[in-house]
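Visitor: sequence first, then the predicted structure:
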Amino acid sequence: MSRIIKLPEDVANRIAAGEVVERPASVVKELVENSLDADAHYIEISLKRGGKELVQVSDDGEGMSPDDVLLAVQRHATSKISSAEDLNAISTFGFRGEALPSIASVSLLEIISRQRNSDTAFRILIDNGEILEQGEISAQPGTTITTTKLFDKIPARKRFLKSDTSELSRCNDVIIRLALANPDVSFRVESDGRETIYLTSCAEYIERIGQIFDDEVLEKLQKIHYESGEYSVFGFVGNRTIHRARSSDEYFFLNGRPIKSGLLTASLHKAFSGLLPPKRYPVAFVYIESPPELVDVNVHPAKTEVRFRREEAVFGAVYHAISDAIGGPAPAKTIKPLEFAPQKAARQTELDFPQVKRPFPGRKIVPHTLDIEREISEAIGNIAAEPHTQRTVEPMPDFLQILDTYIVARTRDGMLIIDQHAAHERVLFEKVMKAIETEAFSGQRLLFPVEIKLLPQWTVILAKFLKKFSAIGFEVEISSSDRAVLHSVPSFLKSGDYSTVFREILQEISEFDIDAPDVFKNFAATVACRAAIKAGQKLSQDDMGALFDSLFACEDPFHCPHGRPTIVKFSREQLEKMFGRT
Ligand code: ADP
Ligand code: MG
């Protein structure tokens, strides 16, 4: 009994045309969507080299008859719609009948399928569109589709693919989005022979979110809900204490389908405007239910973009759902930079401001020009020559900490103000870069190893950076598909919550373009930023002295790894000018 039909030409012509197979992740998406449409409860995905060498998707769905298997690989053959009217109310992932033939035309594709009520399975092997083999075979009920040699015959497309790591994280992203939309389905992912994702079926969306993300995310999620009559919105958004450098953790689902939508993104960002630091993005899981006829998914061949028929209504519904949950005034800041309230200790230091210790030549200096850099560099030559121990025997304090954030140092010609975080970032950045280059291990072993729950995108990052992490002192062991154990940490990391620092590093790195040529530099900058002294942290004279010395031992003491200044200088001349003395 054949269920798949070839769509009549007039229907086929109304389907958004275009290429659906761009990269391994698109193959994963189309195959997993087919499994979901086939009512699968368990889906297993196997990848090699980020899907470039192998994408295999197995399901326990309803399967296909031999006739259906043969029809499935023909263009515009589908079991999901039959008329043009059906296009107005689509409730399945697929409807175009184009995915399998497209994939079959650019790879070596094998389909093995057995219907639930049938005794035997049918197999077909297609090489770049040409049927090589077909016939009965024994297999479990369900469908297994295997793609190898993707784009082997189209070198131009193959060249366009990114690194294995980058392709793998795209595949994972597709899987995670589909898994978040379908919590009742179990997913298992294997990458290069290792299990990387395993999600058992669950009853609630929040449970599925909890399987994928860690407690830190879960604790910060707030429920959202809004009914607009036409559209119903529910889900979860992170509060204002959790945010990302990219919009990668903004998830939208429409009637169980992961979607991208500029309209919904704008609504989400509007609801969060003013609540997050600049250029940071929220974490959000927004599920929208709508009558199928109020949305059009036939806009884009990959069906990730949709058109809402009542744009204002859906925009408003999402906005209200979120702002009702997170609205309200921002919490009071702990540091008020403009407040002038010298503390006791600080005043004391001010009075006792010491002898000139670190002399700088009394010459005209304009901050942040090459001139100042050269001149200070010369001066630092003198300082570096000074034995470091000399300062510790000095009874008077050398430095003054202001607002627990800036260090003021007196010089022969005026004064320097150092941003303690930026300065420490620079110091650690150069240290980490050196450690990466020399692969010199410098970790301190933890008495009690720390277990860390890995988000799927972190697993990919960790695998790629494992050697680099170990080079700087993070000895990490991946213990299961979503766990790692931290055995040692870099010696420059001050005692504290190592697990948080490590997770912050993983999260930030997972937001990079992994194929960028300066990825290791970004890695080092991230580690430095996360491990550095924070603004608002009190420092002792020794801390400040050590920081000062190591800053000026750096190749570029004047900028943090992100290019912001670490030091601002006020020369005598500038001070005199400011006070109208000249
Ligand atoms: P579409 O999903 O748009 O219908 P596809 O080319 O993806 O088009 O699939 C063609 C047809 O093959 C589907 O309509 C479905 O009937 C059948 N099919 C594909 N994958 C599976 C699967 N995993 N289990 C059962 N049937 C499948
Ligand atoms: Mg399909």
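Guide: Looks like it came in fine. Numbering: from 1, shown residues only. Ligands and ions are numbered 1, 2, ... in the order given.

Visitor: closest residue of the stretch 451-582 of the chain to ligand 1?
Guide: The stretch 451-582 of the chain approaches ligand 1 most closely through residue 456 (22.7 Å), counting by C-beta to the nearest ligand atom. C-betas here are computed from N, CA, C, even on glycine.

Visitor: identify the residues contacting the residue of the stretch 451-582 of the chain found nearest ligand 2.
Guide: Per C-beta to the ion, residue 456 is where the stretch 451-582 of the chain lies closest to ligand 2, at 23.4 Å. The contact partners of residue 456, by C-beta atoms under 8 Å, 6 or more residues apart in numbering, come to 172, 175, 176, 196, 197, 212, 482.

Visitor: and for residue 548?
Guide: Going by C-beta under 8 Å, 6+ apart, residue 548 touches 358, 398, 399, 407, 409, 418.

Visitor: okay, now the sheet partners of the helix or strand the fifth one falls within, with direction.
Guide: Secondary-structure element containing residue 409, defined by DSSP states H and E: strand 406-411. Strand 406-411 has the following strand partners under DSSP bridges: strand 399-402 (antiparallel), strand 414-419 (antiparallel).

Visitor: what pLDDT does residue 516 get?
Guide: Per-residue pLDDT puts residue 516 at 85.

Visitor: so what's it closest to, chain neighbours aside?
Guide: residue 522 (7.0 Å; C-beta to C-beta, 6 or more residues apart in numbering).

Visitor: wait, the one you found touches residue 511, no?
Guide: No - look at residue 522 against residue 511 with C-beta atoms under 8 Å: they stay out of range, at 9.8 Å.

Visitor: centroid residue for this protein?
Guide: Nearest residue to the geometric centre of the chain (C-alpha atoms, centre = their mean): residue 511, 3.5 Å.

Visitor: could you pull up the residues touching that residue?
Guide: By C-beta under 8 Å, 6+ apart, the residues touching residue 511 are 244, 245, 246, 248.

Visitor: could you pick out which of those are near ligand 1?
Guide: With C-beta under 6 Å from any ligand atom as the criterion, the contacts of residue 511 include none near ligand 1.

Visitor: ligand 1: which of the residues you listed is nearest?
Guide: Nearest to ligand 1 among these, with distances taken as C-beta to the nearest ligand atom, is residue 248, at 26.6 Å.

Visitor: can you give me the strands for the stretch 201-350 of the chain?
Guide: Applying DSSP state E, counting those that start in this stretch to the stretch 201-350 of the chain gives strands spanning 221-227, 232-238, 250-254, 257-259, 284-289, 295-296, 307-308.

Visitor: and of those strands, who's closest to residue 501?
Guide: Nearest to residue 501 among those is strand 232-238 (19.6 Å), distances taken as C-beta to C-beta.

Visitor: which non-adjacent residue is nearest residue 89?
Guide: residue 292 (3.9 Å).

Visitor: hmm, I was thinking of residue 152
Guide: residue 158 (7.0 Å).

Visitor: right, and the helix or strand after the helix or strand harbouring that neighbour?
Guide: Assigned by DSSP H and E, residue 158 belongs to helix 155-159. Using DSSP H and E, the helix or strand that follows helix 155-159 in sequence is helix 164-181.

Visitor: avg pLDDT for that next one?
Guide: Taken as a whole, helix 164-181 has a mean pLDDT of 96.

Visitor: touching the helix holding residue 158 from outside, list them.
Guide: 22, 106, 150, 151, 152.

Visitor: one more: stretch 525-543?
Guide: Stretch 525-543 is contacted from outside by 334-335, 392, 397-399, 401, 404-405, 407, 419-421, 424-429, 431-432, 472, 490, 492-494, 501, 504-505, 508-509, 547, 561-562, using C-beta under 8 Å, 6+ apart.

Visitor: rerun at 6 Å
Guide: The contact list for stretch 525-543, computed with C-beta atoms under 6 Å, 6 or more residues apart in numbering, reads 335, 397, 401, 404-405, 420-421, 424-425, 428-429, 432, 493, 501, 504-505, 508-509, 561.

Visitor: filter those to the buried ones?
Guide: Buried members of the contacts of stretch 525-543, counted by 16 or more other C-beta atoms under 10 Å: 397, 401, 404-405, 420-421, 424-425, 428-429, 432, 493, 501, 504-505, 508-509, 561.

Visitor: show me these that map onto strands.
Guide: Using DSSP state E, residue 401 are the members of the buried ones among the contacts of stretch 525-543 that sit in strands.

Visitor: PyMOL command for the buried members of the contacts of helix 155-159?
Guide: A single PyMOL command selects the buried members of the contacts of helix 155-159 (16+ other C-beta under 10 Å):
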select buried, resi 106+150+151
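
Visitor: closest to residue 254 out of the contacts of helix 155-159?
Guide: Each of those was scored against residue 254 by C-beta to C-beta, and residue 22 proved nearest at 21.8 Å.

Visitor: got phi/psi on that closest one?
Guide: The phi/psi pair for residue 22 (degrees, to the nearest 10) reads phi -100, psi -30.

Visitor: how much space between it and ligand 2?
Guide: 15 Å (C-beta to the ion, to the nearest Å).

Visitor: and residue 35, how many neighbours does it have?
Guide: The burial count assigned to residue 35 is 28, neighbours taken as other C-beta atoms under 10 Å.

Visitor: mind listing what the residue of the stretch 251-400 of the chain at minimum distance from ligand 2 touches?
Guide: Among all residues of the stretch 251-400 of the chain, residue 303 sits closest to ligand 2, at 9.1 Å; criterion: C-beta to the ion. If you count contacts by C-beta under 6 Å, 6+ apart, residue 303 has them with residue 297.

Visitor: of all residues in the stretch 301-450 of the chain, which one is closest to ligand 1?
Guide: For the stretch 301-450 of the chain, C-beta to the nearest ligand atom, closest residue to ligand 1: residue 303, 8.9 Å.

Visitor: residue 293 contacts residue 89, correct?
Guide: Yes - contact criterion C-beta atoms under 6 Å: residue 293 and residue 89 qualify, at 4.8 Å.

Visitor: mind checking how far whichever residue of the stretch 1-150 of the chain sits closest to ligand 2 is from residue 301?
Guide: Proximity to ligand 2, evaluated over the stretch 1-150 of the chain using C-beta to the ion, is greatest for residue 94 at 2.9 Å. Here the criterion is C-beta to C-beta, to the nearest Å. By it, residue 94 lies 12 Å from residue 301.
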